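Visitor: I'll drop the sequence and a predicted model, then ask my questions.
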2 protein chains.
Amino acid sequence: MINILTQKDELTVLYNNQIIIKHQTKHPAFYLGYGTEKIDSYRGNYKFDDYIEQRIGLSSFNVIDHSITFSNHSVTLIIDFEELDNRLILKLKSSIDLNRFWMRLYATPEEKVYGCGEQASYFNLRYRNYPLWTSEPGVGRDKQSLTTFYADLKDKAGGDYYTTYYPEPTFISTRKYWVHFDSYAYANFNFKHQDFHELFFWETPKKIVLSFEDSYLDLVEDLTNYTGRPPILPEFVLDGMTLGVQGGLNQVLTYLKQAQDANIKVSGLWCQDWAGHNYTSFGKRLYWNWVLNENVYPNLKEEIKKLDQQNVAFLTYICPFLLENETLYNEAKDQGYLALTKENSVYKEDFGEFYCGIVDLTNPDAFKWYKQIIKTNIIDLGIKGWMADFGEYLPVDCVLHNGIDAKLMHNQWPVLWAKCNYEAVEESGKLGEIFYFMRAGAHGSQHYATSLWAGDQSVNWETHDGIASVIPSALSTGIIGNPFTHSDIGGFTSLHGNIRTKELFERWLEMNVFTSYMRSHEGNRPSSNFQFYQSEDTLKLMERMTSVRVDLKPYIQDLIKQGSTFGYPVQRPLFMHYEDDLITYDLQYEYLFGSDMLIKPVVEQGLFVLDIYLPQDDWVHLWTGNKYSGKQIITIDCPIGYPPVFYRKKSKYSKLFEQITNKYHQ
Amino acid sequence: MINILTQKDELTVLYNNQIIIKHQTKHPAFYLGYGTEKIDSYRGNYKFDDYIEQRIGLSSFNVIDHSITFSNHSVTLIIDFEELDNRLILKLKSSIDLNRFWMRLYATPEEKVYGCGEQASYFNLRYRNYPLWTSEPGVGRDKQSLTTFYADLKDKAGGDYYTTYYPEPTFISTRKYWVHFDSYAYANFNFKHQDFHELFFWETPKKIVLSFEDSYLDLVEDLTNYTGRPPILPEFVLDGMTLGVQGGLNQVLTYLKQAQDANIKVSGLWCQDWAGHNYTSFGKRLYWNWVLNENVYPNLKEEIKKLDQQNVAFLTYICPFLLENETLYNEAKDQGYLALTKENSVYKEDFGEFYCGIVDLTNPDAFKWYKQIIKTNIIDLGIKGWMADFGEYLPVDCVLHNGIDAKLMHNQWPVLWAKCNYEAVEESGKLGEIFYFMRAGAHGSQHYATSLWAGDQSVNWETHDGIASVIPSALSTGIIGNPFTHSDIGGFTSLHGNIRTKELFERWLEMNVFTSYMRSHEGNRPSSNFQFYQSEDTLKLMERMTSVRVDLKPYIQDLIKQGSTFGYPVQRPLFMHYEDDLITYDLQYEYLFGSDMLIKPVVEQGLFVLDIYLPQDDWVHLWTGNKYSGKQIITIDCPIGYPPVFYRKKSKYSKLFEQITNKYHQ
């Protein structure tokens, strides 16, 4: 029910008796203006200089039924309010020639907000502001860390608390609504104010959708009714872990045998170097011509069949860029499938000591061609999954086939790229059997990305870009309807003196048992960083943790079904199930794995005893069977291999959990 | 002659046939708006969060004679244009309730601008923006330096290229005008645009004054006709150097004897610890109760008389803050002379492990009382000069006697502090005989500060905060009418691993011969940094350099007279005398010392050969007598003690210079 109340200088819009907009002549709810931006980009890192020439408060209003015209003399914004499917829809139309839009959404001081895509530093976004622009998240992401200092100095790549692969103008509020702004333009969501959220865009969004629900589960369900949901994950993600290894067929089969000999449950081999390697000062990189390199992986189709017989899926890698002067690049160039420069030549993007063309996914023929590449070069080989990397790099100065400014397409690119992969799988009839995982995201990734992964963390313990950061990342994408995500076991980025240790790898491994997918990564500099195959200890731990994983299969399978059916995230903030407990709203380094397991991963070096908050419930410690009542902080031992994990005594899976306790007792 | 030309949508204001303002309906020249700021301060370092709610272009205009009303419906700005003393005066009056003002001053793409107070990073301000707010300039001042990183991390004190003790909304343009904006509010001068300078204030300035002249010398003369000029410097600055030493009477007399025994021309002893010491983790600090400490300097009045007989001036230190619970603090507190908190208690400013009260210089009685302290406690002792430190710390949340918001008084504080010192000297009848040097500045410092000094550089070679930075600092304050400045020989700040070396001290010493005053400083951590009295070599060099200084006396005396009479700075950019040579406008690490000497100090470690640009003229190398014609870059040897110095062959002082060449031949 929409109510528009007006007094002399004041207007209030209510929906289901909740205030949505509070407008006063002296404090307008809407502003329009004009700005000119400078965008400096360097290898996926962006710097903005936004010069706002005018910002005009639309102080006057005129209401006709459910349509309000906000204006300041000739500057006008018409908003039609309507209700559809139990949601509030705002349709907006502003005066021409204005390219900056600000809206104040009513807020209360104690309100908290979550979402806005993937946020790796802070799960609760309140009292900070969030530029929304897909980019490299940065190395370090904390101006107070030396890693960030050196990354900024050498590569302009330090990042900050808000830099993310996956920004989205969608969030949920503790006022129990979700809201989505229909725009892919650069945005900045400012949650710093007491009485309103200020939402800023480089265009007037066409539409705003907002919905109240009774619970957070219902919010996610309703939001994913709106966005769509992914298919279930293929079964092999339940049957153990995927080894991220490389070096050619013989090498990866050797690693596989070593792992199998150690009784590790290996259900996948992820070999990103199927197309060969490229060596740069950054580290070992891939050869970006997405064609099987027969020298490296001879006779792969047959080998994959053999692996299938062992229930080992083979996975690989692709991205929407094509290495200059290679076969796919040349073909795409000849067909006019690559994005262009303003001078009408092929746009060559710098990836650090090599250059690539960009498949123009706005060109239906190019889109179709690239989808076909995925089918022919990957799916037809029997490959069961891949990393669909690099959606965040669309340069703002390239020229696209659809004629839309690349600046406005930039934030949409990740979902176009997701859709290209989605349709390739769908048209192969393999949804639910084959999956790909993406770091870049946008509105629509909820449906088109079969899974996310958290991207390239530093191989260390730094809060904003190390092991800890993948937890808020999972919670923030989850709360806006991306049920499935995971992270590279061991992290990725070894730069500026950061080297992965055995301890880091092992803590990451034990954590990822309790996510939707276990997959390791060798990192960008494999030879100088710890690898599982270097240590008998670690192999033993992998044996143990993958066994736990397999034993949890019925429970995890249920979570994955819930994700695909209702959009419920596999990793959930505690308040999703304990919404009356105010403490839970500020926990971002512990989470629920489904409704019945509570995990607080160990994300500090040398930490073997940990404090953990348990909400009101009856809890059982998975590794000892010790029982705890909730609404208290308890202290728990957490040697390696025994991360703090609890289950609900009343869970319908309690028998299963009990068996695990008996089998793996600490 | 003022001309206001209007077309349909366009208005142009010309003064002496030069465009001053170009206004178009679509690109207004003036904007008014409303904003709310958050100011975080920590020990003199400030962080601003300025939330601009509205910024309204005043697109319409209405001209009546020489008065223009710019407006956007009810938002109006009335500007009266008049000519007075061959200057253009704009008097401004805007609608109430608006606290943000932007003006676009017409500019050309190739135009350069200089001034805006003391700018230590870039002399030419064009294509950068400059927040104008007096503060600590920061340690490192370069986000790419590790010094800055650690200063930010530990003390929020890293600074940036624009942070300065002395900001002023006054600049000169290569279009040959100077302009001053009559406001002490926070400002931001944005010179990034091609076609205009955008000048932003947190209030509508009451007045703008602009004047064209034929030459840069005339510009400085006219500007200082407007601002006023300082008296001449006391003669002792010409008679050698002042030793910055401390440790009590016996200690400083020992240093003096050591220097005199080495035949160093010592004309002053600067002993900042006359009131005693305070030890903090930052280093050795002063005891901020401005009363002679008889334990440390017993019988000082008589000792000063003895020093006078040797032509050695005694100098010391004061600042506008009073150490909590000490005698002056208590007296001021009892009289109600200290600034208050909003709760009406004494405002205690944190200076790092000690707290102080702030003498409220807006209270005429407090002002008079503090002036009397200067007279009684300093001047009456026979003291010939002092560092008048710390004008940049006025907290924005204190309550002042005059009732004006401390935020608006903050930038004015340095000149109030200068005026207090000025009147103390003036009323003692000692202008020109006694002087004080200040780091903080504001509009009016040209008259009320008898000299500036460049503040606290790092004791290193870093561009933005080390030895090099004092050169653009001198040029920028000089070009807006502060003829006299100098720097601590050896630098001051030893933090974050920076330790002063012998080489740094010696390079700084040889440079400062060619400034208005030679004064050394022991730095904040004397015992761990190089001191002149530790090295026979250095004493020898001081003997040599102070002899050169004394031999230059007639020339320097002339420069000081020019400074006091016409406002001509002692250190001048090359374009001041070679304005047709476009190369000279971008030189900020070489300068003219008066009109007839050209200096390029050595500001890099281990550098003994230097390239130097000579403008069109006949030049003689001071240390060899070698002759060079100008408009070329030459390469010159510069061992320690022989910084690149040249004189004009046609100088009326050429005989004097020739004698120096003969006496000190390389």
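Guide: Yep, it's here.
Visitor: Report all helices and strands that the helix or strand harbouring residue A:259 contacts.
Guide: Assigned by DSSP states H and E, residue A:259 belongs to helix A:249-261. Other elements packing on helix A:249-261 under the criterion 3 or more C-beta pairs under 8 Å, 6 or more residues apart in numbering or on different chains; DSSP states H and E are strand A:241-244, strand A:266-270, helix A:300-309, helix A:536-551. To be clear about C-beta, it is placed using only N, CA and C from the backbone, and glycine gets the same treatment.
Visitor: so which of these is the most packed in?
Guide: strand A:241-244 (a mean of 27; mean count of other C-beta atoms under 10 Å in any protein chain shown).
Visitor: circling back: okay if I get the helices and strands packed on helix A:249-261 as CSV plus mean pLDDT and distance to chain B?
Guide: Compiled in CSV, the helices and strands packed on helix A:249-261 are given as follows (pLDDT from 0 to 100; distance: least, C-beta to the nearest C-beta, whole Å):
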stretch, mean pLDDT, distance to chain B
strand A:241-244, 98, 34
strand A:266-270, 98, 37
helix A:300-309, 98, 47
helix A:536-551, 98, 35
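Visitor: Out of the ones you listed, which is closest to residue B:204?
Guide: Evaluated with C-beta to C-beta, the helices and strands packed on helix A:249-261 place strand A:241-244 nearest to residue B:204, the distance being 62.3 Å.
Visitor: Would you mind pulling the contact partners of the closest one?
Guide: Strand A:241-244 is contacted by residues A:236, A:252, A:255-256, A:259, A:264-270, A:272, A:313, A:315, A:488-489, A:512, A:517-522, A:532, A:542, A:545-546, A:549 when judged by C-beta atoms under 8 Å, 6 or more residues apart in numbering or on different chains.
Visitor: Apply 6 Å and report the result again.
Guide: Contact with strand A:241-244 is made by A:266, A:268-270, A:518-522, A:546, as judged by C-beta atoms under 6 Å, 6 or more residues apart in numbering or on different chains.
Visitor: Assign residue A:478 to helix, strand or coil.
Guide: Following DSSP: H, G, I helix; E, B strand; the rest coil, the label given to residue A:478 is helix.
Visitor: quick one, phi psi at the nearest residue to it once chain neighbours are set aside?
Guide: Leaving aside its sequence neighbours, residue A:478 sits nearest to residue A:569 (C-beta to C-beta, 6 or more residues apart in numbering or on different chains; 2.7 Å). Per-residue torsions, residue A:569: phi -70, psi 150 (degrees, to the nearest 10).
Visitor: Quick check: pLDDT value at the most centrally placed residue in chain A.
Guide: Nearest to the geometric centre of chain A sits residue A:118, at 4.7 Å (C-alpha atoms, centre = their mean). Model confidence at residue A:118, expressed as pLDDT, equals 98.
Visitor: Now do the same contact list for it.
Guide: Listed by C-beta under 6 Å, 6+ apart, the contact set of residue A:118 reads A:164, A:166, A:473, A:476-477.
Visitor: ok, these vs residue B:307, which is closest?
Guide: Nearest to residue B:307 out of the contacts of residue A:118 is residue A:164 (C-beta to C-beta; 66.5 Å).
Visitor: my guess is the closest one contacts residue A:137, does it?
Guide: Yes: between residue A:164 and residue A:137 there is a contact at 5.3 Å, judged by C-beta atoms under 6 Å.
Visitor: which outside residues touch stretch A:134-142?
Guide: Contacts of stretch A:134-142 (C-beta under 6 Å, 6+ apart): A:44-46, A:147-148, A:151, A:157-159, A:163-165, A:167, A:392, A:411, A:414, A:440, A:464-465, A:493, A:495.
Visitor: and if we set it to 7 Å?
Guide: Outside stretch A:134-142, the residues that touch it by C-beta atoms under 7 Å, 6 or more residues apart in numbering or on different chains are A:44-46, A:120-121, A:147-148, A:151, A:157-161, A:163-167, A:391-392, A:410-411, A:414, A:440, A:442, A:455, A:458, A:462-465, A:493, A:495.
Visitor: taking these one by one, which sit in strands?
Guide: Cross-referencing the contacts of stretch A:134-142 against strands under DSSP state E gives A:45-46, A:167.
Visitor: returning to that earlier point: which among the contacts of stretch A:134-142 end up buried?
Guide: Using 16 or more other C-beta atoms under 10 Å in any protein chain shown as the burial test, the contacts of stretch A:134-142 include A:44-46, A:120-121, A:147-148, A:151, A:157-161, A:163-167, A:391-392, A:410-411, A:414, A:440, A:442, A:455, A:458, A:462-465, A:493, A:495 as buried.
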